[in-house]
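> structure for the following, please:
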Amino acid sequence: MPELEIAMPRPQRWDVPFGEQMTDAEVDRLLSIEPFCSIDAAAFPPSLPLRDILRGDTRIVDFESGDLIVREGDYGNSAFLVLVGRLHVTVERLDPQLLGRAESPKRSWRQAIAQLWNNATQPEVRRYAGVAGDKETGVREETDGKRIFLQDLPRVLGQSGTVQLEPGEIFGELAALSRSPRTATVFAEGPATLLEIRWQGLRDLMRFTPSIRQHVEQLYRVNSLRVHLRETPLLKNLPDDSLDRVADATVFESYGSFDWYTDFGPDRARDPNAQIAAEPLIAAEGDSPEGLILIRSGFARVSRRHGHGHQTSAYLGKGQVFGIEELATMQGAGVATVWRKSLRAVGYVDVLKIPAEVVREFVLPYCKVEFSSRELPLGKPPQLLAGQPSTAVVSQPSIDPRTLDFLADHRFFNGTHTMLINLDRCTRCDDCVRACATTHDNNPRFVRDGPTHDGLMVANACMHCVDPVCMIGCPTGAIGRDADTGTVRINDVTCIGCSTCANSCPYDAIRMVEIREPSGAFYKDERTGQAIVKATKCDFCAGQLTGPACQNACPHDALARVDMSDAAALAKWLGR
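From the prediction side, this is the model:
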């Protein structure tokens, strides 16, 4: 009879270190230089010793002249410390093709019509004849994967304004901690050696080393915080001196798992109450409000106690705020109050907290709140006078709470172009799939399948996410976000078929396909004889004059591409 239980060691954080080659000698070397030699190792708890963080969460990476280290627009999860060599940071946007990405030219009407009879007869055809690719960049094989580099470094240096980085300087920390796009491209001028620090290690170094935390926070306060606050509708009309006082008092906090997508998938079984209970609490219903909460990055669920569990009433994304009603009540009525709802992290959330006394003194005087005599309806924000819009809570009065739970549990509100299908209207005619194939040279970019709830299907089509984790780790930059349209696209020429993007996508929206030439023959690797594969996904019909073909082709108005952050548009479509 087989054993019912098997004893094994509990998996530990550093069972698979970030750098396989990190040795005691390398760690000793790091501890002898700044900033690590000035860190008090005794400040770290026994469970997270400084040496183990350096051994498990860092790696030393060598670069050659012209190697791209980070690319503008990439999403990464690590920061870098320059150990040896000199780097350049671009101060102006480089040509997208120089970074391995695709351009998105608009087709003319003539080209759009011509594609109807020029499409390939075989699926997944790629016409590479005469396509030489990008001659300004090259790809080199390294032990840690592919490395993309600039072919003509002197020309790039001569034509692009850059700032130099010298040994001892740190870069990439803000993007690593908030998973926001890299704001510039960094490349090596001559041989260079860098220490790469993954976000977990950087987080712990900041937690126990005040100087590093203050350095990172000061960079954000100087470079980004005031812009973020000013872009928040609730704060956009504050006088400059009031905004400065708010910025000086703002506290940074993070909740949830940064790598939420590693154990998340569309087919994962979920118990709704257990799902909500497992999400980290940012603010708990019934507790006293300590301040206003602004979502800096990620998503959070607003819920209220209902029976023996919680019921979702809204979800919040970047730039939205939580708690203005309670703080305005305390200000207007002069009485203590409590959180009326709870706020929980869905995945990973960065928040900014503005202390209550600062809100009362510097914010509320510029956004007076008018309450009705009864308690505010669930999820409905108060009316702010003096022309001040409020995003305190997204109002979604016409969306069924169970639908909200479904969308939140699957994290579909991450999408800016989510494909929704009304199954009561859909006749399964597949006109949407055929239109997609026709538009993309007989290569359909989505599957008409996906999670369903109460007559609603969210199809397995790229949602062009706010937090596109598929873009993390692409070695050639083939997958990237278009700077003008925001769509996430794959450059078929520079894609090397490594599957990194497909494995990272938590929505099963990227497929790896074996590609053919126009005659129907499969392309093979001349060295191994294996079929060559490419990543394929929805590109939101980039270049098409008419927009997304799938939506335009549906004869029953059953399909729509919806920005899930637009609660009003979502509620209107669901409530037709």
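
> contacts, neighbours, all on C-alpha from now
Fine.

> longest strand of the chain?
As assigned by DSSP state E, the longest strand anywhere in the chain is strand 291-306.

> convert that one to CSV, retaining C-alpha atoms only.
The C-alpha trace of strand 291-306 is given here as CSV (Å, rounded to 0.1, in the frame of the first residue of the first chain):
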residue,chain,number,x,y,z
GLY,A,291,-4.8,58.4,6.8
LEU,A,292,-5.7,58.5,3.1
ILE,A,293,-4.4,55.6,1.0
LEU,A,294,-3.3,56.2,-2.6
ILE,A,295,-2.7,53.2,-4.9
ARG,A,296,0.8,53.8,-6.5
SER,A,297,0.9,50.5,-8.5
GLY,A,298,-1.0,47.2,-8.6
PHE,A,299,-4.6,46.6,-7.7
ALA,A,300,-6.6,46.4,-4.5
ARG,A,301,-10.1,45.0,-3.6
VAL,A,302,-12.7,47.0,-1.7
SER,A,303,-15.0,44.7,0.2
ARG,A,304,-17.6,44.7,3.0
ARG,A,305,-18.6,42.0,5.5
HIS,A,306,-21.5,40.0,4.1
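
> tell me what angle the helix or strand that it is followed by forms with strand 291-306.
Using DSSP states H and E, the helix or strand that follows strand 291-306 towards the C-terminus is strand 309-316. Between strand 309-316 and strand 291-306, the angle comes out at 140 degrees (axes from the mean of the first three to the mean of the last three CA atoms, to 10 degrees).

> so which bits of strand 309-316 are buried?
Residues 310-316 are the ones in strand 309-316 that count as buried (16 or more other CA atoms under 10 Å).

> and for stretch 352-359?
352-356, 358-359.

> neighbouring contacts of it?
245-246, 249-253, 289-296, 327 (CA atoms under 8 Å, 6 or more residues apart in numbering).

> neighbouring strands for the longest strand of the chain, and are they parallel or not?
Here strand 291-306 is paired, per DSSP bridges, with strand 309-316 (antiparallel), strand 321-322 (antiparallel), strand 342-355 (antiparallel).

> so how far is stretch 50-57 off the chain centroid?
Offset of stretch 50-57 from its chain centre (CA atoms, centre = their mean, to the nearest Å): 26 Å.

> now it: average pLDDT?
Regarding stretch 50-57, the rounded mean pLDDT is 93.

> could you dump it to PDB, C-alpha only?
Output of stretch 50-57 as PDB, limited to C-alpha atoms (Å, rounded to 0.1, in the frame of the first residue of the first chain):
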ATOM      1  CA  LEU A  50      23.000  40.000   5.300                       C
ATOM      2  CA  ARG A  51      25.400  37.400   3.900                       C
ATOM      3  CA  ASP A  52      22.600  35.100   2.800                       C
ATOM      4  CA  ILE A  53      20.800  38.000   1.100                       C
ATOM      5  CA  LEU A  54      23.900  38.800  -0.900                       C
ATOM      6  CA  ARG A  55      24.500  35.100  -1.700                       C
ATOM      7  CA  GLY A  56      20.900  34.300  -2.600                       C
ATOM      8  CA  ASP A  57      19.400  37.500  -4.000                       C
END
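
> contacts for it, please.
14, 16-19, 22-24, 27, 41, 44, 197-198, 200-201, 204-205.

> could I have the buried ones of the contacts of stretch 352-359 as ChimeraX selection syntax?
To isolate the buried ones among those in ChimeraX, judged by 16+ other CA under 10 Å, type:
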select :246,250,289,290,291,292,293,294,295,296,327
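
> thought Ile276 was touching His310?
Yes: counting by CA atoms under 8 Å, Ile276 touches His310, with 7.3 Å between them.

> how deep is Ala569 tucked in, by neighbour count?
If you count neighbours by other CA atoms under 10 Å, Ala569 ends up with 14.

> and it, which of the three is it?
helix (DSSP: H, G, I helix; E, B strand; the rest coil).

> which residues touch it?
Contact analysis of Ala569 by CA under 8 Å, 6+ apart lists 562-563.

> kindly report the same for Val458.
So Val458 contacts 418-421, 449-452 (CA under 8 Å, 6+ apart).

> so which of these sit within strands?
418-421, 452.

> so which residues of the stretch 101-250 of the chain form helices?
109-118, 153-159, 173-178, 199-208, 210-220, 226-231, 240-249 (DSSP state H, counting those that start in this stretch).

> highest mean neighbour count out of those?
Neighbour counts (mean count of other CA atoms under 10 Å) averaged over each of these peak at helix 173-178, with a mean of 22.

> care to break this structure down by domain?
Per automatic domain parsing, the structural domains of the chain span 24-116+141-206, 209-399, 411-574.

> list the beta-bridge partners for Thr137.
Beta-bridge partners of Thr137, counted by DSSP bridges, are Leu150.

> surely it is in contact with Arg147?
No: using CA under 8 Å, Thr137 is not in contact with Arg147, being 10.3 Å away.

> who has more neighbours out of those two?
Thr137 (21 against 18).

> how much space between Gly56 and Ala283?
33 Å (CA to CA, to the nearest Å).

> ok, now Lys341?
8 Å.

> looking at the strands paired with strand 291-306, which is nearest to Pro444?
For these, the distance to Pro444 is smallest for strand 342-355, at 30.4 Å, taking CA to CA.

> helix 240-249 and the closest one, what's the angle between them?
120 degrees.

> just give me how far strand 342-355 sits from the chain centre.
16 Å.

> what's the first helix or strand after it?
Counting by DSSP H and E, what follows strand 342-355 is helix 356-362.

> just the C-alpha atoms of that following helix, please, in CSV.
This file holds the C-alpha atoms of helix 356-362, laid out as CSV (Å, rounded to 0.1, in the frame of the first residue of the first chain):
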residue,chain,number,x,y,z
ALA,A,356,-4.9,61.9,8.7
GLU,A,357,-3.9,65.2,10.2
VAL,A,358,-2.1,66.2,7.0
VAL,A,359,-5.2,65.3,5.0
ARG,A,360,-7.4,67.4,7.3
GLU,A,361,-5.0,70.4,7.2
PHE,A,362,-3.8,70.5,3.6
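
> how about the closest residue to Asn442 other than its chain neighbours, what does it touch?
Residue nearest to Asn442 in three dimensions, not counting chain neighbours: Pro123, with 5.4 Å by CA to CA, 6 or more residues apart in numbering. Pro123 sits next to 442-443, 516 when contact means CA under 8 Å, 6+ apart.

> please redo it, this time with the cut-off set to 10 Å
437, 441-444, 513-518, 520 (CA atoms under 10 Å, 6 or more residues apart in numbering).

> just the buried ones among those, please.
Buried among the contacts of Pro123 (16+ other CA under 10 Å): 437, 441-444, 513-518.

> shared neighbours of Lys341 and Ala283, which are they?
Common neighbours of Lys341 and Ala283 (CA under 10 Å, 6+ apart) are 302, 322-323.

> which one of these is nearest to Asn223?
So of these, ranked by how close each gets to Asn223 (CA to CA), first place is Phe322, at 24.2 Å.

> Glu26: which element?
Assigned by DSSP H and E, Glu26 falls in helix 24-31.

> with only the CA atoms kept, save that helix in CSV.
Extracted C-alpha coordinates of helix 24-31, given in CSV (Å, rounded to 0.1, in the frame of the first residue of the first chain):
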residue,chain,number,x,y,z
ASP,A,24,31.8,33.0,-0.1
ALA,A,25,34.7,34.8,-1.8
GLU,A,26,32.3,36.9,-3.9
VAL,A,27,30.2,37.7,-0.9
ASP,A,28,33.4,38.8,1.0
ARG,A,29,34.3,41.0,-1.9
LEU,A,30,30.9,42.7,-1.8
LEU,A,31,31.1,43.2,1.9
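
> how near is the nearest residue to Thr416 once chain neighbours are set aside to Phe412?
Nearest non-adjacent residue to Thr416, counting by CA to CA, 6+ apart: Asp563, 4.1 Å away. Distance of Asp563 to Phe412, computed by CA to CA: 10 Å.

> same deal with Leu352?
Leu352 is 24 Å from Phe412, by CA to CA.

> spatially central residue in the chain, please.
Asp467 (1.9 Å; CA atoms, centre = their mean).
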